[in-house]
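# got a predicted structure plus its sequence, pasted below:
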Amino acid sequence: MKKILSLLVLAMGLSVFTACNDDEVPANGYIETTEEGSSTMILKGYISSSQGFSVLQPSGFAAPVYIKDGKLYGKFYNFIRTTDTKLDAMITVPESGNWESEVGIYDKATYWARYAGSIYKYIKLRVAYIDGNNVGIEYVVSSHSTARPNSNSNMENPDQTAWELEIPHLDSNNFYAPHTVKFEGNTYMNLAIEWDSSLRHANWVAFYYDSNTARSLVSRGSNWAWDPAIPTSLNPVQESDHKSDGFDKGHLCASSDRLFSSEANDQTFYYSNISPMTHRFNNGFWIGVEDVVSNWGHSTIKTTYDKVYVTKGGTLNNLLKNFVGKYAGNDGIVPYTNADGLTKHGLAVPAYYYAAVLAEKDGKYQAIAFLVEHNDDLSANPSANELKSKVVTIDELEKFTGLDFFCNLTDEVEEAVESTVDVNLWEW
């Protein structure tokens, strides 16, 4: 009996010794801790998400940290690598430094992860080991938090789609209608609309291009319909409201902006995305604006940018009043508006149309905007120089429209990209 007990003790001792060996990763994925009260887990997806995928999302954090293309990544997170080797040595959160939107994963490295909600919250991370598709992680949610320098963001809104960078500051008097689509097994934010029911017109339409949504896989559709995300009690628009008035049904988010799936394209034909435009404007200068923005999204996303955020609309604070067109529309009728800037069927006609564009590359941003008068005398096939003549800063567009674009950027970044514009930074 004593001999059996001795063998058991010896076996247990060998087992414990093996588990603490830093030179190899035990089969059970044991992770040594370097701070009292820390937690551990295995992040999967280092080699490929197809081999397994997991996320780190502590309680109180509305978005996860995960592995993307072999790097630590998380929407609304930034990361900074430290020189420490243990979590208990990470005492002070860096007030400055090179916070990155994604960061390389290195064995035994430590990181601060900063989550941007209504305030900044922090997680301490340590890579315990890298073993094939698995990354052993030790982490501690820091009790430290700091005020987020973003006083005008939508971060307090419970609908997380409102946190997207393309979404302007929401107007509580209007109805916010985000539209998502399923595509290749994932859910994507396709476009969002803020509906002004009093004017029966979108206050703005917003969307983004990335490597998936920039793909051109389908043809233009024609499934005109009322927007199912907006209640019919909020003064919907139907086909008869656009009949025999001399105006085109002008897209705000163009059909050509959403060609990665048929469902995504169909959503551009919701009447909530349509604005009455004269035929010469819609089929002329506005197409020029649409084409150059579309090129920045569809083509340069592959070479120049990681993501392009776009907000388009018409000036509801400046309508085309007492207007009589020079030319008949496609229906043979000369368009006109009344003293309130409304068509014969009561649809609002903006005096100007705009596009606000934000491009992102490696966590750095640049912005540009167009403000174009709703005018039939503009060039039908605008040159690059003619398009550049309609360029304004985001600040100037905000002042003209009364809207707050790209409000979910931190104030420091927002102020920098919205105050100036350099047309030479963009491909024409």
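Looks like it arrived, so ask away. Residues are numbered from 1 along each chain as shown.
# spit out the contact partners of the nearest residue to residue 274 once chain neighbours are set aside.
The shortest distance from residue 274 to any residue that is not its chain neighbour, by Cβ to Cβ, 6 or more residues apart in numbering, is 4.8 Å, and that residue is residue 249. C-beta: built from backbone N, CA, C; applies to glycine. The neighbours of residue 249, taking Cβ atoms under 8 Å, 6 or more residues apart in numbering as the test, are 224, 242, 274, 276.
# cool, residue 300 as well?
Per Cβ under 8 Å, 6+ apart, neighbours of residue 300: 308, 359, 427.
# need the buried ones from those selected in ChimeraX.
To isolate the buried members of the contacts of residue 300 in ChimeraX, using 16 or more other Cβ atoms under 10 Å:
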select :308,359
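# dump the contacts of residue 300 into CSV; add pLDDT as well.
Formatted as CSV, the contacts of residue 300 follow (pLDDT from 0 to 100):
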residue, pLDDT
308, 96
359, 96
427, 93
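# keep only those of the contacts of residue 300 that are in helices.
Among the contacts of residue 300, no member falls in helices (DSSP state H).
# for the contacts of residue 300, give me TSV that also has distance to residue 190.
As requested, the contacts of residue 300 are exported to TSV (distance: Cβ to Cβ, whole Å):
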residue	distance to residue 190
308	15
359	19
427	25
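# residue 62: which of the contacts of residue 300 is nearest?
When these are compared for distance to residue 62 (Cβ to Cβ), residue 308 wins out at 24.6 Å.
# thinking again about what came up before, look at the residue nearest to residue 274 and give its secondary structure.
The three-state label for residue 249, taken from DSSP: H, G, I helix; E, B strand; the rest coil, comes out as strand.
# what is it paired to in the beta sheet?
The residues paired with residue 249 through beta bridges, assigned by DSSP bridges, are residue 276.
# who wins on neighbours among the contacts of residue 249?
By neighbour count, taken as other Cβ atoms under 10 Å, the most surrounded of these turns out to be residue 276 (28 neighbours).
# list the contacts of that residue.
By Cβ under 8 Å, 6+ apart, residue 276 lies in contact with 242, 245, 247-250, 335, 343, 347-349.
# in those residues, find the pair that's most separated.
The largest distance within the contacts of residue 276, taken as Cβ to Cβ, falls between 248 and 348 and amounts to 14.9 Å.
# what's the helix or strand for residue 169?
Under the assignment given by DSSP states H and E, residue 169 is not contained in any helix or strand.
# check contacts around it.
Going by Cβ under 8 Å, 6+ apart, the list of residues near residue 169 reads 152-154, 403-404, 407.
# give me the most central residue, this protein.
The central residue of the chain, meaning the one whose C-alpha is nearest the mean C-alpha position (Cα atoms, centre = their mean), is residue 164 at 4.0 Å.
# the closest residue in space to residue 132 that isn't next to it in sequence: how many residues sit nearby?
Taking Cβ to Cβ, 6+ apart, and ignoring the residues beside it in sequence, residue 132 has residue 47 as its nearest neighbour in space, at 6.3 Å. When neighbours are defined as other Cβ under 10 Å, residue 47 has 14 of them.
# give me the buried positions along stretch 285-304.
When burial is assessed from 16+ other Cβ under 10 Å, stretch 285-304 yields the following buried residues: 285-290, 292-294, 296-298, 300-301.
# pretty sure residue 223 is touching residue 264, no?
No. Contact between residue 223 and residue 264 fails when scored by Cβ atoms under 8 Å: they sit 11.9 Å apart.
# quick one, which of the two is more surrounded?
Set side by side, residue 223 and residue 264 give different neighbour counts by other Cβ under 10 Å, the larger being at residue 264 (26 against 12).
# contacting residues for the more buried one?
Residues counted as contacts of residue 264 (Cβ under 8 Å, 6+ apart) are 181, 183, 188, 190-191, 213, 258.
# low-confidence stretches in this protein?
Low-confidence segments of the chain, defined by pLDDT under 70, are located at 1-29, 118, 149.
# mind listing the helices for it?
Ranges of helices within the chain are 2-19, 262-267, 279-282, 285-298, 384-388, 394-401, 411-419, based on DSSP H.
# out of those, flag the one nearest residue 132.
With distances scored as Cβ to Cβ, the stretch of those nearest to residue 132 is helix 2-19 (19.2 Å).
# where along the stretch 151-300 of the chain do the strands fall?
With DSSP state E, counting those that start in this stretch applied, the stretch 151-300 of the chain shows strands at 175-183, 186-196, 201-209, 247-251, 274-278, listed in chain order.
# would you turn those strands into JSON lines with distance to residue 324?
Conversion of those to JSON lines gives the following (distance: least, Cβ to Cβ, whole Å):
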{"stretch": "strand 175-183", "distance to residue 324": "32"}
{"stretch": "strand 186-196", "distance to residue 324": "25"}
{"stretch": "strand 201-209", "distance to residue 324": "21"}
{"stretch": "strand 247-251", "distance to residue 324": "13"}
{"stretch": "strand 274-278", "distance to residue 324": "11"}
